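Chemist: Dropping a prediction and its sequence here:
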Amino acid sequence: MNRFYLKTGDTSPSLEYALSPASVDLTDATVFFNMRGRDGVKISRAAAVVVTPTGSPTVRYDWQASNTDVPGSFTAEFEVVYPGGAIETFPNRDFILVTITEDIA
C-alpha cells in the first residue's frame, strides 16, 4: 500500500502517484481524486493533474486547505475517465493511505 503523510492545514507537497501498468495512456483523459475517512467522503471527484500521460503515467493532486483541516487516516484513489468514456480507478487493488497529523500550532 502507498502511504502519504501531511500535517493539518498543509497544502504541500502535492500527492503524486505513478499509475501501473506503464501501458496506461492518459492522453486526453480526465483524472479525478477521491478521499474518504471514517466520517465519510472528504474529497469527491476533485480535479487532478496529468503530470506524464505515457511511458510512466503519473497523476497529481494539489491539496486545498479545506482538504487537510481535520487530522485522521484516510483512503484515497485516482479515477481516470478515458476519452471514450471508460473509467478506471488507481490503485485498483487497494488504496493510497493518507495520514493527516495534527500540527503543534
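Modeler: Looks like it came in fine.
Chemist: tell me the residue furthest from the middle of this structure?
Modeler: Most distant from the centre of the chain: Ala105, at 26.3 Å, with distances by C-alpha atoms, centre = their mean.
Chemist: give me the number of residues near the residue lying closest to Gln64 once chain neighbours are set aside?
Modeler: Distance criterion C-beta to C-beta, 6 or more residues apart in numbering; nearest residue to Gln64, sequence neighbours excluded, is Thr11 at 6.7 Å. (Each C-beta comes from the backbone N, C-alpha and C, glycine too.) A count of neighbours around Thr11, defined by other C-beta atoms under 10 Å, yields 13.
Chemist: In a helix, Thr11, correct?
Modeler: No: counting by DSSP: H, G, I helix; E, B strand; the rest coil, Thr11 is not part of a helix but coil.
Chemist: can you pull the pLDDT of the residue farthest from the centre of the chain?
Modeler: For Ala105, the model assigns a pLDDT of 81.
Chemist: for this protein, which strand is longest?
Modeler: Across the chain, the longest stretch assigned as strand under DSSP state E is strand 72-81.
Chemist: So which residues make contact with that one?
Modeler: Defining contact as C-beta atoms under 8 Å, 6 or more residues apart in numbering, one finds that strand 72-81 is touched by 4, 15, 17, 19, 24, 26, 29-38, 42-43, 45, 48, 59, 61, 87-91, 95-100.
Chemist: does Lys7 have beta-bridge partners, and which?
Modeler: Here Lys7 sits in beta bridges with Thr101, going by DSSP bridges.
Chemist: My guess is it contacts Ala105. True?
Modeler: No: under the criterion of C-beta atoms under 8 Å, Lys7 makes no contact with Ala105, lying 10.3 Å away.
Chemist: Do a quick rundown of the strands in the protein.
Modeler: Listed in chain order, the strands of the chain (DSSP E) span 2-7, 15-18, 30-37, 40-47, 49-52, 58-61, 72-81, 87-90, 96-101.
Chemist: Most tightly packed of the ones you listed?
Modeler: Mean neighbours per residue, mean count of other C-beta atoms under 10 Å, is largest over the strands of the chain for strand 58-61, with a mean of 20.
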